[in-house]
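S.K.: okay, predicted coordinates and the sequence, questions at the end:
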Amino acid sequence: MLTLAPYEFGGFVVAAGFLGQTPAFALGDGTVRLFPDGAERSVEVHQGGLLAACRSQDGAALITGGDDGLVRRTATDGPVETLAELPRKWIDIVAAGPQGAVGFASGRNAHVRLSSGELRDFSAARAVGGLAFAPKGLRLAVARYDGVTLHWVNTQAPAQELAWKGAHARVLFSPDGKYVVTTMPENALHGWRLSDGQDMRMTGYPGKVKSVDWSARGRYLATSGANAAILWPFFGKTGPMGQQPLQLGTRSDQLVTQVACHPSEEVIAIGYQDGMVLAVRFADQQEVLLRRPGRSGISTLAWDSVGARLVFGTEEGEAGLISLNG
């Protein structure tokens with residue numbers, strides 16, 4: 001049995017997720033909305049716009065960046081903590097790392113704040129497109145024009161350069177740390193196998209890939225940008241090269257805008273540009289309708305830690321909590 005608790009925020013939902021068991025929504029108006037025990041708590045986090053958000057790795061807090069130049073940490077209780085401040089800058093990229101580290105970027109500069117409060121700075125020749133931390137070790141990937149730079153945050157070891165012509169936006173490591181993948185504005189993904197620098201191209205999308213997520217155990221990389229969720233296989237020695245992707249939740253007239261893989265099962269939640277949300281099982285492509293179309297496209301999707309609940313948000317501020325077990 002499915003139940004849906006709808007919320008109405010009246011503005012763009014930048015990110016949604018669970019802080020422990022509490023649904024949390026980061027809104028473009030600068031607030032974070034929390035729902036402990038079902039009751040709404042609104043927290044003013046940024047004066048102006050909230051531009052980027054992600055969960056801390058321990059799942060206890062939301063890390064946000066705004067056009068007020070602040071990087072802030074919001075938990076379910078206690079005051080909002082300011083982690084860093086860059087006056088007159090827009091913080092439009094944030095990333096959560098191990099050991100309490102937080103990455104953030106503005107323009108051509110990437111920064112890492114360690115749990116001690118110390119800041120480490122990394123400059124790029126062109127604007128930073130995305131940040132990601134490796135699954136092991138304090139290593140930071142900085143996406144930029146013409147490739148990705150990998151920095152060891154706590155050592156003086158030389159950076160590793162991964163080159164490919166063009167702009168690179170979102171970047172992520174595979175869960176086993178063997179691959180780095182970026183999204184590109186020409187409706188494509190690019191990847192590198194770190195053991196030997198082998199390039200991988202994943203193309204054919206009719207739209208831009210704005211959402212990516214690894215499946216349970218990292219066997220597939222799920223992506224938006226087509227009229228189905230495209231899942232590239234990353235098992236085997238060559239990753240996706242020479243293998244056909246899965247195509248799940250195909251709709252002839254709507255593009256996928258968000259994907260979220262179940263934390264333990266080979267199941268995916270898919271959000272579309274008309275606001276519909278489906279759950280689809282990899283093995284037999286069985287579909288379950290989780291939400292009917294709404295007023296605008298799905299802008300964020302996230303499961304809880306056990307895969308029993310799902311939160312979503314939309315471009316126009318519709319949002320909700322879907323419980324799969326009634």
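M.R.: Ah, there it is.
S.K.: what sits against the nearest residue to residue 293 once chain neighbours are set aside?
M.R.: Nearest-residue entry for residue 293: residue 274, 4.2 Å, with adjacent residues in sequence omitted and distances by Cβ to Cβ, 6 or more residues apart in numbering. Where C-beta positions appear, they are placed from N, C-alpha and C, glycine not excepted. By Cβ atoms under 8 Å, 6 or more residues apart in numbering, the contact list for residue 274 reads 254, 293-294, 297.
S.K.: can you turn the buried part of those residues into a PyMOL selection?
M.R.: This is the PyMOL syntax for the buried subset of those, where burial follows 16 or more other Cβ atoms under 10 Å:
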select buried, resi 254+294+297
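S.K.: bridging residues for residue 171?
M.R.: residue 182 (DSSP bridges).
S.K.: so how far is residue 100 from it?
M.R.: 21 Å (Cβ to Cβ, to the nearest Å).
S.K.: in terms of neighbours, single out the busier of those two.
M.R.: Comparing residue 171 with residue 100 by other Cβ atoms under 10 Å, the one with more neighbours is residue 171, at 27 against 16.
S.K.: from residue 29, how far off is the more buried one?
M.R.: Residue 171 is 28 Å from residue 29, by Cβ to Cβ.
S.K.: again, but for residue 132
M.R.: 27 Å.
S.K.: so the two - more neighbours on which side?
M.R.: A direct count of neighbours by other Cβ under 10 Å for residue 132 and residue 29 places residue 132 higher, at 23 against 18.
S.K.: direction included, what does the helix or strand the more buried one falls within pair against?
M.R.: Using DSSP states H and E, residue 132 sits within strand 130-133. For strand 130-133, the paired strands and their directions (DSSP bridges) read strand 139-144 (antiparallel).
S.K.: distance from the chain centre to the strand it pairs with, please.
M.R.: Here the centre of strand 139-144 is set off from its chain's centre by 15 Å, with Cα atoms, centre = their mean, to the nearest Å.
S.K.: also stretch 187-196?
M.R.: 18 Å.
S.K.: what does stretch 171-180 give?
M.R.: So, by Cα atoms, centre = their mean, the centroid of stretch 171-180 is 14 Å from its chain's centroid.
S.K.: give me the contacts around that stretch.
M.R.: 129-136, 141-143, 148, 150, 162, 181-183, 191-195, 200, 212, 214, 217-218, 221, 234, 239.
S.K.: one more pass at 6 Å, please.
M.R.: Contacts to stretch 171-180, defined as Cβ atoms under 6 Å, 6 or more residues apart in numbering, come from residues 130, 132, 134-136, 141, 143, 148, 181-182, 191-193, 214, 218.
S.K.: ok, so of those residues, who is nearest residue 21?
M.R.: residue 214 (22.9 Å; Cβ to Cβ).
S.K.: circling back to that earlier point, show the buried residues in the contacts of stretch 171-180.
M.R.: Using 16+ other Cβ under 10 Å, the buried ones in the contacts of stretch 171-180 are 130, 132, 134, 141, 143, 148, 181-182, 191-193, 214, 218.
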